[in-house]
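>>> Below are the sequence and a predicted model for it; my questions follow.
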Amino acid sequence: MTATIGRRELLAALGGAAAWPLAARAQQPAMPVVGVLHSVSAAQWADRMVGFHRGLGEAGFAEGPNVAIEYRWAEGQFERLPAMAADLVDRKVAVICAFVDVATRAAMAATKTIPIVFVTASDPVGAGFVPSLGRPEENVTGVTLIGTELVAKRLELLHEILPDASRIALLVNSNNPVLMQDNIQQSNAAVRRLGLELVVIRAGNESEIESAVLAAMQQHANALSIGSDAYLSSRSRQIAFFALRHALATMSDSRDTVTAGLLMSYGPNQADSFRQAGLYVGRILKGEKPADLPVLQPTKFELVINLTTAKAIGLKIPESFLLRADEVIE
């Protein structure tokens, strides 16, 4: 005998079937959201962000399929960072990635509980980000580029190709006072040892860069060292343009500044450092705590030379020096 189903029972069955997928979806965990906080623009940091996404991928995360990313780019306006950090906290992101010192400080002021992963050119202990590299404690860890600690090496390299130079200009970002002082302190110690004189010039925005380079020339500087600073790195093309106009040799801390036209760079592979940051974010999303993740330091450093720039300023770089370079751009 075939059972019959009444209209009421049929509607109830259909309603339950329709509701089931909704209930199933409601039980699925929400996609984690990562906040990215930086003082420059997305276009100016694109190469490094490729490394960051690669690290996320190594940890099993990809933007869109299983993680969302909220980007906050301050476009060089540092005063916007505290409000941006507070907004990320309000949105209850799972991790905040702070990719410049002022962004790290803004994030740390905004939350004591949300994990923060930084990338810094400063000494993270001296900057107050962590109590020690091996035991970060609390909610903050990350990657150090040890940028200011390499100032002496960069000045030595400049002095090597310009043995007759007596005065070196140092360009620092006046809007980033802690890192600015680190750059000045490290540079002063290096020039004293090398028997050189240091001229400090400051530029905090785009309009001040030309006048800063001109000031270096007016003070008879033989070369220009660009302090470790994300904003100044993002303005490398502009700095290179004015330095070339005055035939001024330049030195910075990352390869992309040399591809933008500066003469030389010496420092860690920053794309790899950002890959490490992405990997740390992935590990935290999987449940690890920042306090258990020691601050990472670079292990590979590269010397990059732009031979086209050298020829443009009339500088003959010895073959023996070129052979030591990890990359020569022609």
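That came through, no problem. Numbers count the residues shown, from 1 in each chain.
>>> and residue 70, how many neighbours?
Counted with other C-beta atoms under 10 Å, residues neighbouring residue 70 total 15. To be clear about C-beta, it is placed using only N, CA and C from the backbone, and glycine gets the same treatment.
>>> State the distance from the spatially closest residue to it that is not a sequence neighbour to residue 227.
Spatial nearest neighbour of residue 70, chain neighbours left out: residue 35 (4.9 Å); criterion: C-beta to C-beta, 6 or more residues apart in numbering. When C-beta to C-beta, to the nearest Å is applied, the distance between residue 35 and residue 227 equals 27 Å.
>>> Test my guess that the residue nearest to residue 70 contacts residue 88.
Yes - taking C-beta atoms under 8 Å as the definition, residue 35 is a contact partner of residue 88 at 3.6 Å.
>>> Please identify every residue contacting each of the two.
Contact criterion C-beta atoms under 8 Å, 6 or more residues apart in numbering; residues bridging residue 35 and residue 88 by contacting each: 70, 72, 96.
>>> Which strand residues bridge the last one?
Partner residues in beta bridges with residue 96, using DSSP bridges, are residue 35, residue 116.
>>> can you pull the contacts of it?
With contacts taken as C-beta under 8 Å, 6+ apart, residue 96 has the following neighbours: 34-37, 85, 88-89, 107, 111, 114-117.
>>> domain ranges for this structure?
Following the assignment in automatic domain parsing, the chain carries domains at 33-146+269-292, 148-268+301-329.
>>> Include mean pLDDT when you put those domains into JSON lines, please.
As requested, the domains of the chain are arranged in JSON lines below (pLDDT from 0 to 100):
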{"stretch": "domain 33-146+269-292", "mean pLDDT": "94"}
{"stretch": "domain 148-268+301-329", "mean pLDDT": "93"}
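>>> hey, where'd the helices end up in the stretch 1-150 of the chain?
Using DSSP state H, counting those that start in this stretch, the helices found in the stretch 1-150 of the chain span residues 7-27, 46-58, 81-90, 101-110.
>>> what's the distance between the second one and the middle of its chain?
What separates the centre of helix 46-58 from the centre of its chain is 12 Å, taken as C-alpha atoms, centre = their mean, to the nearest Å.
>>> Can you name every helix or strand that it contacts?
Counting contacts by 3 or more C-beta pairs under 8 Å, 6 or more residues apart in numbering; DSSP states H and E, the secondary-structure elements packed against helix 46-58 are helix 270-285.
>>> Quick one: distance of the helix it packs on to the chain centre.
Per C-alpha atoms, centre = their mean, the centroid offset for helix 270-285 relative to its chain is 12 Å.
>>> can you list the residues that contact that helix?
Residues from elsewhere that reach helix 270-285, judged by C-beta under 8 Å, 6+ apart: 32, 34, 47-61, 67, 94-95, 97, 99, 115, 117-119, 141-143, 145, 254-256, 290, 293, 296, 298, 300.
>>> For residue 162, the count of nearby residues, please.
16.
>>> what separates it from residue 51, distance-wise?
In this structure, residue 162 lies at 32 Å from residue 51, with C-beta to C-beta as the measure.
>>> picking up where we left off before, list only those of the contacts of helix 270-285 flagged as buried.
By the neighbour-count criterion of 16 or more other C-beta atoms under 10 Å, the contacts of helix 270-285 include these buried positions: 32, 34, 48-49, 51-53, 55-56, 59, 61, 67, 94-95, 97, 99, 115, 117-119, 141-143, 145, 254-256, 290, 293, 296, 298.
>>> residues near residue 42, how many?
Residue 42: 12 surrounding residues under other C-beta under 10 Å.
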